[in-house]
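Asks: structure of the sequence below:
(chains A and B)
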Amino acid sequence: MHTPLEERLRRARPRAPEPSAETTGAARSRAFEVADLAVPDPTFGGPRRLWRRVRRAPGRVLVPVLVTLLAVVVALPAVAIDQRWWFLGQHIYTPTSGPVVVTTGTSAGVPWELTAFVEESHTLCVGFTPNPPNPHGYGASTACGSPVRGLPPVPGAKEEHWVGWAASTPGDESTATLKFIYGPAAANVAAVDFVTDKGRPTTVPTVAGPPQLGVNARFYAAAVPTAVLVHALVPRDRTGRALERWDLPIAQ
Amino acid sequence: MREYRSLLKLAQRRNRTAQNRLFEQCWPIAWRVAYTVTGTRELAEDAAQEAIVNVFRHLNRIDASRPLEPWVRRVATNAALSVLRRQTRQPAPVPTTDVPQDVVEWTEESADEELTSAVVALPEERRVVIVLHYWLDYSVAEIAEFLELPIGTVASRLARALQQLRLGMEEQHAHSA
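Replies: Take a look at the predicted model:
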């Protein structure tokens, strides 16, 4: 049962004016840009589609399935170890220490964790994982080899900074409006200022890495609305002194 | 539905023509929702663009068995609310004596200018619940989810907003009588 005012409100629904051609054009370009960067969907298209495929060409589906099954059985012990860490499941990294969980948090209702490990090549890797343990690594990312002062040297790096950085867009519908910026920091960095195109800089405190990592590093992670661009990072020591202003090559 | 599925599949395979057609379907929805929630052209431009980017960013995760419009509306609503939140965190603009052009434009498009103007004049948190409930047809529970507030808080804001609208309009009628 609606009151007359409520009925009137529903009828008063205004019509939006047409968007300008310029806005529409810009939106179209940006949409296509991100669509081109989108990762293909790893799912196989559902059981019905799979069944249709089996009926059409049983050999083409069943042989790979059997081969995969055999591989899974053989590799089962290794998989059991790697399940906790999606980045090890891909067999790209060989950690020599870690992985360890550095810190955890929840942003926009989505839990996440920041992990770190030292890679075979002695570089420090930092991983960001939404919805942990997230064994398939959906929306997760890893960054290795940031040239940061006091951390294991990165071969070929021209300059060192007080912090490293990486960006991750989880892509989950619930976090569609958020991206995460994270990275390692030198041992004396107490906080990192995010200089953005919107308002005053946001200060993010750093956290110490666990001792079992074997590297004297600190870490930071922060959720940033996707529409806000981070132009620079300003690491600060415990006294609040700015150690540098690092203008990012491309605003994130 | 079948046509939509094949369109989506082609768009996911980066077929530009299909992406273009999908954009033509999603953009008006995103724009309308963004404009309705934010109430100004300037903010709607930011919100609608953010929404369409989010839609295309998750192109590969769109479930073809479900209708597209409700999902795009939700993404656009979230984007518009996010733009509004950022706007309220920024320093307030210097007030001017001119009536903002966007408000005039909005009220002209409405079937009930008097009531629409009264809605526009509501405090932001009350205006938003009115707009989401009566103009975008979201339930109180859905609004609570969008705003990350308890259902009771949303219901109470809605009741207060209605009360304020009622009183405001009665006052206006008394003056004009």
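Asks: distance of the most centrally placed residue in chain A relative to chain B?
Replies: Closest to where the C-alpha atoms of chain A average out (C-alpha atoms, centre = their mean) is A:Ser168, at 2.6 Å. For A:Ser168, the distance to chain B (C-beta to the nearest C-beta, to the nearest Å) stands at 13 Å. Glycine gets a C-beta too; all of them are placed from N, C-alpha and C.
Asks: ok, and the closest non-adjacent residue to that residue?
Replies: Nearest residue to A:Ser168 in three dimensions, chain neighbours excluded: A:Ser141, at 4.1 Å (C-beta to C-beta, 6 or more residues apart in numbering or on different chains).
Asks: can I assume that neighbour is in contact with A:Pro130?
Replies: No. Assessed by C-beta atoms under 8 Å, A:Ser141 is found out of contact with A:Pro130, at 9.7 Å.
Asks: joint contacts of these two?
Replies: Residues touching both A:Ser141 and A:Pro130 (C-beta atoms under 8 Å, 6 or more residues apart in numbering or on different chains): A:Ser168.
Asks: for those two, indicate the residue with more neighbours.
Replies: When A:Ser141 and A:Pro130 are compared for neighbours, A:Pro130 comes out ahead with 25 against 18, by other C-beta atoms under 10 Å in any protein chain shown.
Asks: would you check that the more buried one makes contact with A:Ala140?
Replies: Yes. With contacts counted by C-beta under 8 Å, A:Pro130 reaches A:Ala140, the gap being 6.5 Å.
Asks: can you give me the neighbour number for A:Glu244?
Replies: 15.
Asks: surely it is in a helix?
Replies: No. Looking at A:Glu244 with DSSP: H, G, I helix; E, B strand; the rest coil, it is coil, so not inside a helix.
Asks: excluding covalently adjacent residues, which one is nearest to it?
Replies: Closest to A:Glu244 by C-beta to C-beta, 6+ apart is A:Trp162, at 5.6 Å.
Asks: could you measure from the one you found over to chain B?
Replies: Taking C-beta to the nearest C-beta, one finds A:Trp162 at 28 Å from chain B.
Asks: which ones are touching that residue?
Replies: A:148-149, A:185-186, A:189, A:235, A:243-244, A:246.
Asks: just among those residues, which is most surrounded?
Replies: Most surrounded of those: other C-beta under 10 Å gives A:Ala185, at 31 neighbours.
Asks: returning to that earlier point: how about the contacts made by the residue nearest to the centre of chain A?
Replies: The contact partners of A:Ser168, taken as C-beta under 8 Å, 6+ apart, are A:128, A:130, A:139-141, A:179-182.
Asks: now render these as CSV, adding pLDDT and secondary structure.
Replies: Output for those, formatted as CSV (pLDDT from 0 to 100; DSSP: H, G, I helix; E, B strand; the rest coil):
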residue, pLDDT, secondary structure
A:Phe128, 88, strand
A:Pro130, 85, strand
A:Gly139, 75, coil
A:Ala140, 79, coil
A:Ser141, 81, strand
A:Lys179, 81, strand
A:Phe180, 83, strand
A:Ile181, 87, strand
A:Tyr182, 90, strand
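Asks: quick one: find the helix or strand in chain B with the lowest mean pLDDT.
Replies: Lowest by mean pLDDT, DSSP states H and E among the helices and strands of chain B is helix B:101-109, with a mean of 36.
Asks: so is A:Thr142 in a helix, a strand, or just coil?
Replies: Applying three-state DSSP: A:Thr142 is strand.
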